[in-house]
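Asks: kindly return the folded structure for what I paste below:
(3 chains)
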Amino acid sequence: MTSPAARWVGQAVRRREDPRLLAGRGRYVDDVTMPGLLHAAFVRSPVARGVIRGIDTSAARDLPGVVAVYTAADLNEPGRPFWKTMTGPTGQPPHRLLAEGDVRFTGDVMALVVAESRYLAEDGAELVDVDIDPLPPVLDPAAAAGKGDGEAGGVPLVHPELGTNVADELPAAPRPDVDAVFASAAHVITETFGQHRYLPVPMETRGVVASWDRWSDRLELVISGQGAHEVRLFYSRYFGIPEDRIRVLMGDVGGSFGQKVFPVNDEIAVVAAARKLGRPVKWIEDRSENLIAGGHARDQSMRVSFALGADGVVLGARTDLTENVGAFPAGGSGSMLLAAMVVFPGPYRIGAFAATGRAYFTNTGSRCAYRGPWMIETTAREQMMDVAAAELGIDPLELRRRNVIKPGDLPFTTAVGLTYEAVSPAQTLEQAAELIGYDEFRVRQRQARAEGRLTGIGMSVYIEPLGAPGILATEAATIRIEPGGTVNVYMSTGSHGQSLETTLVQVVADHLGAALDDIHLIQGDTAATPYGPGTSGSRSAIVASGAAAQASGSMRERVLAIAGALLEADPADLAMTDSRISVAGDPDSGLSLAEVVAAAYLNPASLPPGTPAGLEVSERYRAPMLNFSNAAHACTVEVDPATGVVRILRYVVSEDCGNMINPMVVEGQIAGGVVQGIGGVFYEHMVYDADGNPLPTTFLDYLLPTAAEVPDLEYGHVVTPSAAPGGFKGMGEGGAIASPAALANAVRDALAPLGVRITTQPLTPEKIISLIEDGRPLR
Amino acid sequence: MSELDVTLTVNGERRRARVEPRRTLADLLRQELGLTGTHLACEHGVCGSCTVLVDGEAVRSCLMFGVQADGSEVTTVEGLAGDEPGSLGPVQRAFWETHGLQCGFCTPGFVVSVTAFLRECPDPDDEQIRAALSGNLCRCTGYQGIVRAVRLAARLCRNEKDHDERGGGELEVTGD
Amino acid sequence: MCVSAKGAYLKAAVFEYHQPASAEAAVEMLAELGEDAKVLAGGQSLVPVMAMRLGRPEHLVDVNRVAGLGGVTRSDGMLRVGALTRHRALERDLVIGRDVPLLARAAPYIGHFQIRNRGTLGGSLAHADPAAELPAVAVALDAGIEAHSVRGVRRIPADDFFVSAFTTVLEPDELVTAVHLPVWGAGSGFAVAELTRRHGDFAIAGAACGVQVAGGRIIRAAVALFGMGSVPVRAWSAEQALADTLAAEADLTAIGSEAVAALHPPADAHGSAAYRRRVGAHMVTRALRTALAEAQRGSS
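Replies: Residues are numbered from 1 along each chain as shown, chains lettered A, B, ... in the order given. Just a heads-up that it's a prediction; the model follows:
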């Protein structure tokens, strides 16, 4: 059989999703309506920590239009399994649907009002009286740790049941190998890099419509999420209902970036309320709720020590990571200690490495997943490279050149035991440097500095692991060719901006040979699609496309077998392109796919005996457990010494994600991530006051970058195909992983003549002025 | 307060609703009139996802009460499609060409805002484009495809205007 | 201890809606309803406050259909601009652009064009946000704010109008109907400069300035700062320092420092007092530089 032509893969095909979304015909959760639909609103704790003395719901229940008001006593069922499949049953804090006995962060849900409209539900929520005795909250790791000896001592406990505020720990272990490297190194440099708390902020907030369908005797959920099957599995486990008694639908999802991966207690409470009430209930998180309690991220500090040779080669490294995971991290303990450790060595040949760390619960918003949740390792490592370069008097690009893994080093096994094969950090480093015009910039910078202008250049190089362990390892695709010739592909992906309706169709078109416009992806319906964990962790380009390719290949065989029987030709001599099967080399011969379909469905007697009938194939693909994509970012900035405002002059990314299914989609993913990094470094900051109240609760104070704050991004591509079918690699998180370090490095470089030390974010204009005015000499 | 009758023209069609005064124009369009293309992403007038045209001008529909639109002409994203059923207008076609959307949630607000902007400023430079876009937030695209969409839409709108002025007929979209 | 539950509200509480057709009817309603009523003009500031339930007026008096609140008329060296004039109209009206350029140049800084399509001159002044541009323009130009009530009409000097953050001398039943602004003579230049975190945001600090030059000397100067106090601040000592100096020799950097020296700007999440002073000084310098350049071109 001839191999598939690469006709659509690699092309910047216009998106299948766009016509409906552009015409306003998308269907997001809040667009869903049904007869008798009720609306939910929450009463949330106004304090970060306190004992609940009472919740008086009587006035709320009496309000006309309010149908029910629930508290913990109504909905909580302790003992129900609350764990998420991906993270497993251990290590998580005690979860509850509604606050019971106490509140543990500002925004903790205390009561759920169900009413005929959201307006009335909020009226009801206002009438609920809560009586709380506030207690002093624990807001940061230092406070959570108490005396720092690991014992809580007199420190308030976020979760008294646990007896500790430690959510996770990477304990120190004797590492004489690392000690030896440090002891004999020419230079030992230590610095601590902090990144502040910031948030995913998808444009569509979280939400769910829950109803019990009486005809099918089934719980039906429409959810804004990242994977319908995971949601079904969770609720099946939680309620103790067989999976086939739950149907989860995802229509269009307005972004997520990890925030919607795990079911969270407020959403679960709504589902429980709908079940209890026996009526459909919709909850849409509003923007204030999303900022306060929708899931928080980053908020980590990493102390890094490098042991360097005289030539700047990083011989060894030690890291110690401190994390603030908030009160109720959504998945497991919320900790990234292990992930950050595994990825830290990154693109460099660091020989000896040891990592320690602690993650702490606090009475603050709970950690969720957010685009590259482990990325503190890149933020810290890449800034450390620049700090070390300055200390040693070596240009940061040159220092990276001396350390980066080169093609001749491959396969390379890192100090943590990861083996890289198909990566290209050195090539992306060089491409990024060339695209930004690194050497020319240094020349112009000297001139600018002579004029008193503060311009700077910063780089960041990273390797992104694309993990497919456990439940993430497989993906299935069911392909059905309908009697009319339409090719329907059923997958459990949960695209929320990744263009899977287009890219997976491109893969199927090439591997099957059907016409692009005849192929459709159906996702987001547990009743129709095979099980899979959904879209997250940059897995879709490998795992989902692998499944699509594998199933397409099997379907192609099936079609060609039937076509061969009808044409009395050997299937090995047949080719199929654009839904036309012909004898290879004789394009005018042959059959259309529609004719094959007609024979299979309508006239199976026309097929010789032994020819498989029917045109439905279901295959499950198992991805290699680890793949890697990599990129290098480079940017230039100018800092206004009068106001501290940073202007980004240019931003380039050299990306290697193997073969690209759709380059336009790849660049779009990079762009979104980079701008989230720009937001994180310069504009976004979730900060609490001393009482544990979140200060930015609306978009007036939580600042997202607009088009006016962002330059045109520039891209270069290096292609090192993966071993997976098609040679694709996922890459969706990378833009957000590398950008903060590149930007911080550029600002550091711009301020270098002023003796400024940058170790924290965000880098607001005022922060930059205070750094300039405090100017301590570089170490 | 008891409800009030509101009569307005939406996308060329006369529509009526009966709403409390506190119901925003956004909610009236989405719920009473079933036009869910206009989205709510902040409800306090910052993100621009709810942008519609009221009497030809782009406004944040979450910052108007529905009763204020009585007697007005409102255009939502659904009303910006092309002349043929199921077709897209020039601004929408431009966004399609340039990958100006990913999750699509902010997109209707951008399409309406850009439509209004280009009517007033048919040949904008990049600085004008970025300033005009700054009232709409996007989280997926990093604005890259959106800025390209506006550049292309400006050309398409000018071509279409020239085309209409010269008598109409088939018009090809050529990407850039 | 009872703590009121803080919901996260983004749907407004119930209110009664009134839509008077005339200014007389509007002020009668306001007199009758008293403190329970708020005027709804552009709504760009009021509606979010109501959505968040931080403000819950029981009555809204929608003045968008009141006759006679628009229009621009000139007489006796003054321009009368109707209170309901939208920010977008301030940007584009030819008469305003010619006769009170500072007003036209401040308008584009207000938020985004979608906001400016609805926001009004009268509404901005009545709202009295300390970080807003139009109150500073009114103060810089010694504008007179015309207000109607059942007791009659009065014209309030801008200098007296702003009391503190979001507070003016307006009685609860008074309706701003117009703003009277002086038209400066030949040889004038005007500019606004502000620093924001993002395009269209409220100013961290800003300056609205006018200068008039004759025979190479500065004969008139107006400098008003916004974001630098609870009300717009007129930088009298800076204006005095500019008075009668040679335009070509004016030390604008020193003038900028002088303008902020005695100020105690607010400190909040967007800037400390010290940072605001620093930025305010730079904004004064930048605005004066632009205004002076225009004035010198016009006077030669």
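Asks: mind checking how far the residue in the stretch 101-250 of chain C positioned nearest to chain B is from A:I522?
Replies: Nearest residue of the stretch 101-250 of chain C to chain B, counting by Cβ to the nearest Cβ: C:H112, 2.8 Å away. C-beta here means a position set from N, CA and C on the backbone, and glycine is covered the same way. Here C:H112 is placed at a distance of 39 Å from A:I522 (Cβ to Cβ, to the nearest Å).
Asks: on that earlier part again, and the residue of the stretch 101-250 of chain C closest to chain B, how many neighbours?
Replies: 26 (other Cβ atoms under 10 Å in any protein chain shown).
Asks: again with A:M34
Replies: 11.
Asks: could you pull up the contacting residues of it?
Replies: A:209, A:211, A:280 (Cβ atoms under 8 Å, 6 or more residues apart in numbering or on different chains).
Asks: those in strands, which ones?
Replies: Among the contacts of A:M34, the ones falling in strands (DSSP state E) are A:209, A:211.
Asks: show me where chain B has helices.
Replies: In chain B, the helices defined using DSSP state H lie at B:25-27, B:90-97, B:107-120, B:126-133, B:144-165.
Asks: please read the previous query as pertaining to the stretch 151-300 of chain C.
Replies: Under the criterion DSSP state H, counting those that start in this stretch, the stretch 151-300 of chain C contains helices at C:158-161, C:236-242, C:252-261, C:273-299.
Asks: distance of the closest residue to A:G524 other than its chain neighbours from B:V59?
Replies: Of all residues not flanking A:G524 in the chain, A:M250 sits nearest, at 3.3 Å (Cβ to Cβ, 6 or more residues apart in numbering or on different chains). Distance, A:M250 to B:V59, by Cβ to Cβ: 32 Å.
Asks: let me know whether A:R206 touches A:N290 as I believe.
Replies: Yes - counting by Cβ atoms under 8 Å, A:R206 sits close enough to A:N290 to count as a contact (6.7 Å).
Asks: and residue 128, backbone torsions?
Replies: No chain in the question, so chain A it is. Here is the backbone geometry of A:V128 (degrees, to the nearest 10): phi -80, psi 130.
Asks: can you look at chain C instead?
Replies: phi 60, psi 50.
Asks: let me see the confidence value for it.
Replies: pLDDT for C:A128: 98.
Asks: list the contacts for it?
Replies: Counting by Cβ under 8 Å, 6+ apart, C:A128 has contacts C:135, C:161-163, C:165-168, C:231.
Asks: now with 7 Å?
Replies: C:135, C:162, C:166-168 (Cβ atoms under 7 Å, 6 or more residues apart in numbering or on different chains).
Asks: can I get those residues in JSON lines including neighbour count, distance to A:A514 and pLDDT?
Replies: Below are the contacts of C:A128 laid out as JSON lines (neighbours: other Cβ atoms under 10 Å in any protein chain shown; distance: Cβ to Cβ, whole Å; pLDDT from 0 to 100):
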{"residue": "C:P135", "neighbour count": "28", "distance to A:A514": "65", "pLDDT": "98"}
{"residue": "C:F162", "neighbour count": "25", "distance to A:A514": "70", "pLDDT": "98"}
{"residue": "C:F166", "neighbour count": "14", "distance to A:A514": "64", "pLDDT": "97"}
{"residue": "C:T167", "neighbour count": "11", "distance to A:A514": "69", "pLDDT": "98"}
{"residue": "C:T168", "neighbour count": "21", "distance to A:A514": "69", "pLDDT": "98"}
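Asks: to A:I132, which of the helices of the stretch 151-300 of chain C lies closest?
Replies: helix C:273-299 (34.4 Å; Cβ to Cβ).
Asks: show the average pLDDT along the closest one.
Replies: The pLDDT scores in helix C:273-299 average 96.
Asks: got it, and stretch A:545-556?
Replies: 94.
Asks: pLDDT below threshold where in chain B?
Replies: Scanning chain B for pLDDT under 70 picks out B:1, B:168-176.
Asks: and the residue of it nearest chain A?
Replies: Closest point on chain B to chain A, by Cβ to the nearest Cβ, is B:G37, at 1.9 Å.
Asks: burial of that residue, as a residue count?
Replies: The number of residues packed near B:G37 is 26, by other Cβ under 10 Å.
Asks: what does A:G36 give?
Replies: Burial measure for A:G36: 9 neighbouring residues, criterion other Cβ under 10 Å.
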